[in-house]
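Visitor: how would this look folded up:
(one chain, ligands or ions: 1)
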Amino acid sequence: MLMQGKRVLVCGVANERSIAWSIAQRLHSEGAELAFSYPNEAIEKRVRPLAESLDSALVLGCDVTKDEEIDSMFAELAATWPEIDAVVHSIAFAQREELKGRFLETSRQGFQLALDISAYSLVAMARRAEALLAARRGAMLTLTYFGAEKVLPHYNVMGVAKAALESSVRYLAADLGPNGVRINALSAGPMKTLSAAGITGFKTMLHHHEERAPLHRNTTGDDVASTALYLLSDLSAGVTGEVVHVDGGYNIIGM
Ligand code: NAD
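Guide: Numbers count the residues shown, from 1 in each chain. This next block holds a predicted model:
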């Protein structure tokens, strides 16, 4: 049991299709105790029963656009768990109109919102989590996508946000490292989730991925959960600041 006795905050479960849910289930099966967060009442209704099904009673409100909610989530968490072993950041958002048409048309407000929720939130969370994680030489994990590295149709401002996120992981790794805290990103291949449904032409992406990836199949929740387990457990004790691709090898193909 790789996570026996370990305490993990999981942010980003919206429903049973969420990548964070696959990760949570795997961590729980390896013995982890879990806490969850939700950004609003609608998501809270979905997250509470899922959390209960994994014996978790710690379900905390946190809309990451609000500093005071990030503060209160970590204060509530610390009141129950003064030390934690891991944080999963599986949060992203862009307005639907930004995920179609030309990137050139991205509005200032749409750009700011996407970068705020999808990239800055990791920095804001890492700052609050640092002391709780340091006591147990813990780890953080965030979810990214290949659109950070290359241009993909309609991914637009999310690609720019993911590039900022991946760079933030490296800068955070340098800051957190001296305290023994690690942080890594997992770059998942396309998966059918609530967020993915907002991307125009997402079905075409799935077909293309299956056809071109060396493994000739799409990425599964189990694929992502296994690598998340590695990145959050002592198996990866010497790894920080990395972006690990879990995409059937799609990213290595040039032509
Ligand atoms: P999802 O919709 O299940 O998860 C996205 C989560 O972000 C939701 O739980 C939502 O509540 C949360 N969120 C949005 N705005 C928030 C806010 N203001 N405050 C707090 N939480 C907020 O979709 P998913 O595909 O599981 O996405 C999880 C992560 O994985 C995202 O970072 C996404 O970009 C990344 N990712 C997804 C894919 C894919 O194809 N689905 C591929 C690679 C990376």
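
Visitor: When you work out contacts or count neighbours from here on, use the C-alpha atoms and nothing else.
Guide: OK.

Visitor: If I follow the layout properly, L132 ends up in contact with I84?
Guide: Yes. With contact defined as CA atoms under 8 Å, L132 reaches I84; the gap is 5.5 Å.

Visitor: These two: which has the busier surroundings?
Guide: Taking neighbours as other CA atoms under 10 Å, L132 and I84 compare with I84 leading, 24 against 20.

Visitor: you'd agree that one is in a strand?
Guide: No. Read with DSSP: H, G, I helix; E, B strand; the rest coil, I84 is coil and lies in no strand.

Visitor: Could you number the chain from 879 rather than 1 from now on?
Guide: With 879 as the first residue, the last one maps to I962.

Visitor: Looks like it contacts R885 (just checking).
Guide: Yes. Using CA under 8 Å, I962 is in contact with R885, at 5.1 Å.

Visitor: Okay, the most centrally placed residue in the chain and the ligand: tell me how far apart.
Guide: The residue lying closest to the centre of the chain (CA atoms, centre = their mean) is S968, at 2.3 Å. Remark: distance between S968 and the ligand (CA to the nearest ligand atom, to the nearest Å) = 4 Å.

Visitor: ok, now V1122?
Guide: Applying CA to the nearest ligand atom, the value for V1122 to the ligand is 11 Å.

Visitor: Spatially nearest residue to that residue, not counting backbone neighbours?
Guide: L1064 (4.9 Å; CA to CA, 6 or more residues apart in numbering).

Visitor: which residues does that neighbour bridge with?
Guide: L1021, V1122 (DSSP bridges).

Visitor: which parts of the helix or strand hosting H1087 are buried?
Guide: Element membership for H1087 (DSSP states H and E) is helix 1080-1090. Residues 1080, 1083-1084, 1087-1088, 1090 are the ones in helix 1080-1090 that count as buried (16 or more other CA atoms under 10 Å).

Visitor: same question, stretch 1120-1127
Guide: Buried-residue list, stretch 1120-1127, by 16+ other CA under 10 Å: 1120-1127.

Visitor: starting at the chain centroid, how far to it?
Guide: Averaging C-alpha positions (CA atoms, centre = their mean, to the nearest Å) puts stretch 1120-1127 14 Å from its chain's average.

Visitor: End to end on that stretch, go ahead and measure it.
Guide: End-to-end distance of stretch 1120-1127 (CA to CA, to the nearest Å): 16 Å.

Visitor: still on that earlier bit, want to try JSON lines for the buried residues of helix 1080-1090, with distance to Y1033 and pLDDT as columns?
Guide: As requested, those are exported to JSON lines (distance: CA to CA, whole Å; pLDDT from 0 to 100):
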{"residue": "F1080", "distance to Y1033": "10", "pLDDT": "89"}
{"residue": "M1083", "distance to Y1033": "11", "pLDDT": "92"}
{"residue": "L1084", "distance to Y1033": "14", "pLDDT": "95"}
{"residue": "H1087", "distance to Y1033": "15", "pLDDT": "96"}
{"residue": "E1088", "distance to Y1033": "18", "pLDDT": "97"}
{"residue": "R1090", "distance to Y1033": "19", "pLDDT": "97"}
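
Visitor: is the helix holding H1087 anywhere near the ligand?
Guide: No. Helix 1080-1090 stays clear of the ligand (CA under 6 Å from any ligand atom), getting no nearer than 8.4 Å.

Visitor: what's downstream of that helix, the next helix or strand?
Guide: helix 1099-1110.

Visitor: Name the residue of the stretch 1029-1133 of the chain that lies nearest to the ligand.
Guide: P1068 (3.3 Å; CA to the nearest ligand atom).
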